[in-house]
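>>> whatever this is, show me its structure:
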Amino acid sequence: MSYDNKELEQKCYNTIVELLNKYKENEHSDYMFQRIHNHIINYLPNTLDNELKNYEKRQNRNTYLTTEQQVFIQVFLSKNQYFYLPSNNFFYEYNGTNYFIVKEDDVIHKLLSTISKDRILLDWKYKTKINIIKQIKERSLFNSIPETDTIQNILNVLYPSIFSSKNSAKYFLTIIGDNILKKNTNLIFLVTQKMKKLLFDLDNIAFGSIGYNNSTCNFMTKYHENHTYDNCRLIKINEAFSLDLWRDILKKIGLDLLCVAAHYSKRYENSDKFIENNSDEELKNYSYYLKKTTPVNIVKEFSNKYIIDASNDVKIEWKNLHFIWKQFLSNYNLPSVIYSNNLKNILREIHEYEEDSDSFIGITSKYLPIQSDFIKFWDNTIKITTNTFGEEQSFDNELEVDEICSMFKFWTKQNQEQLMTNGNISEENVIKILKHFFHSIDIIEDKYVLNVTCCVWNKINDINKSFDYIKEQIKENYKLNLISFDDVYNYYSIYCKLNAHKFIVSKRYFEKYLYFKLSEYVVYENFIETAWVFTP
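Numbers count the residues shown, from 1 in each chain. All right, here's what the predicted structure looks like:
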């Protein structure tokens, strides 16, 4: 219960009156009145004066300590940039360059140590600690503003190794920031398989560092008919970057990247606003490509760029035209956003179609010859098998994609009169053709084609023929009981050059064959006992 001054005054007066009345009829009234008089006149004024002085002193000290505490907190939080996320109960520290996860105990230890050094706030040590921890918990990590050095470090990681421009890198970061802050949840970003792997690693970092596992949820590798073009955005990367290097980088600066991403999302409002207000026209046109077009317009663009009108006796089979369509998508960094049946129906509305041959009449394409010639090469030279020739029944065959390119070029020179190209073909194109037209072929890492042989080059025969030469060289030049795989391969390479071989097997394949052929002489994993040279 509280009283105003008048009430207190009346209460005091009433109390004195009550005391006087109480002792008025008492047999010791004279003595009690003297005591009341003495307490009121002699003690009370001094007591009240002391009370007032002590109160003012306490008030002044409290005011002083409160001011000191406010200054201390301001300076401490300025020098030590601590932040917090309630979602995972993690504390963070920013040193002006990098963000770190820190333990609450470490924050408290540094805080109390700093207070102890200051000494002024020793009496308010724990009160100050509680106050500062409370303020830190009100400082969201995603409200921090990264310094220029931090932002540039992240951009330098992303550009030019992963993105072709700084604007593309900023756009990507803004998208990630939007996801963290739950903005633009209706948008879908279509990306390649390799970028999805990159995003998977980033998602793991986000879950471990900020407790958020949906930072890349709207990045997708496949278009679905439920997605409207209006909500679809395109984003591309340089496919040549190393995933292993990316993972190593993320371990070091993953948290920095997420904080910069959140900062960009707040700075630019959202990814679409970034495109509209801050991006160049090239990035804007690519990102908004689907937003500003229709399936029919995409197919018309494909027809204008990849299809040539021809006489009615010329036709393209649907499977070949479909492959050319995939080349169009690949060359323009476009995802597959039209289902094949829908694509075929749209093409039938534009070009004449023959049902019986499943072909389009009166059109051709400059992209058709290389694919057609390669298929002829494959059909005429490649044999599907699970083992090698003759005695080598248990050795698995394989051709490397670069070897296939070399053999195709050689084969086209030998058959130039029947072909339309000079045989120059990229490894990427070979992979695309094999995956599109030869579904049963096993391809590992887009580099090794398994269980196939080619009549243009018998790899096993070449190696076996080199053994006599290798044995002679070892007899003449080797005194040790062992010879390394490297030295044996070196002799094989010399043999091929001396005999003008057009093709040389890779060191990997050569060693694989040595393991199979000379298993009884292989020791220490990559050495051969020279006793082998004396075998027939």
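>>> first-to-last residue distance for stretch 477-484?
13 Å (CA to CA, to the nearest Å).
>>> what's the offset of stretch 47-61 from the middle of its chain?
65 Å (CA atoms, centre = their mean, to the nearest Å).
>>> now that stretch - C-alpha only, CSV.
Taking C-alpha atoms only, stretch 47-61 is exported to CSV below (Å, rounded to 0.1, in the frame of the first residue of the first chain):
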residue,chain,number,x,y,z
THR,A,47,18.1,9.8,12.9
LEU,A,48,16.1,11.4,10.1
ASP,A,49,19.1,13.5,9.0
ASN,A,50,21.3,10.4,8.9
GLU,A,51,18.6,8.4,7.1
LEU,A,52,18.4,11.2,4.5
LYS,A,53,22.1,11.4,4.0
ASN,A,54,22.4,7.6,3.6
TYR,A,55,19.5,7.6,1.2
GLU,A,56,21.0,10.3,-0.9
LYS,A,57,24.3,8.6,-0.8
ARG,A,58,22.8,5.3,-2.0
GLN,A,59,20.8,7.1,-4.6
ASN,A,60,23.9,8.9,-5.9
ARG,A,61,25.9,5.6,-5.9
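>>> what residues does that stretch touch?
Residues from elsewhere that reach stretch 47-61 (CB atoms under 8 Å, 6 or more residues apart in numbering): none. Yep, even glycine has a C-beta here, placed from its N, CA and C like the rest.
>>> buried sites along stretch 215-234?
Ser215, Thr216, Asn218, Phe219, Met220, Tyr223, His227, Tyr229, Cys232, Arg233, Leu234 (16 or more other CB atoms under 10 Å).
>>> show the backbone phi and psi for the fourth one.
Taking degrees, to the nearest 10, you get phi -90, psi 130 for the backbone angles of Phe219.
>>> over to the fifth one?
Here is the backbone geometry of Met220 (degrees, to the nearest 10): phi -130, psi 150.
>>> who are the neighbours in contact with it?
By CB under 8 Å, 6+ apart, the residues touching Met220 are Ile188, Phe189, Leu190, Val191.
>>> what pairs with it across the strands?
Leu190 (DSSP bridges).
>>> format the buried residues of stretch 215-234 as JSON lines; extra columns: secondary structure.
Output for those, formatted as JSON lines (DSSP: H, G, I helix; E, B strand; the rest coil):
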{"residue": "Ser215", "secondary structure": "coil"}
{"residue": "Thr216", "secondary structure": "coil"}
{"residue": "Asn218", "secondary structure": "coil"}
{"residue": "Phe219", "secondary structure": "strand"}
{"residue": "Met220", "secondary structure": "strand"}
{"residue": "Tyr223", "secondary structure": "coil"}
{"residue": "His227", "secondary structure": "coil"}
{"residue": "Tyr229", "secondary structure": "helix"}
{"residue": "Cys232", "secondary structure": "strand"}
{"residue": "Arg233", "secondary structure": "strand"}
{"residue": "Leu234", "secondary structure": "strand"}
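>>> can you give me the pLDDT of Glu27?
You'll see Glu27 listed with a pLDDT of 80.
>>> for Lys300, same thing?
At Lys300, pLDDT is 96.
>>> turn the buried ones among the contacts of Met220 into a named PyMOL selection, would you?
To isolate the buried ones among these in PyMOL, judged by 16+ other CB under 10 Å, type:
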select buried, resi 188+189+190+191
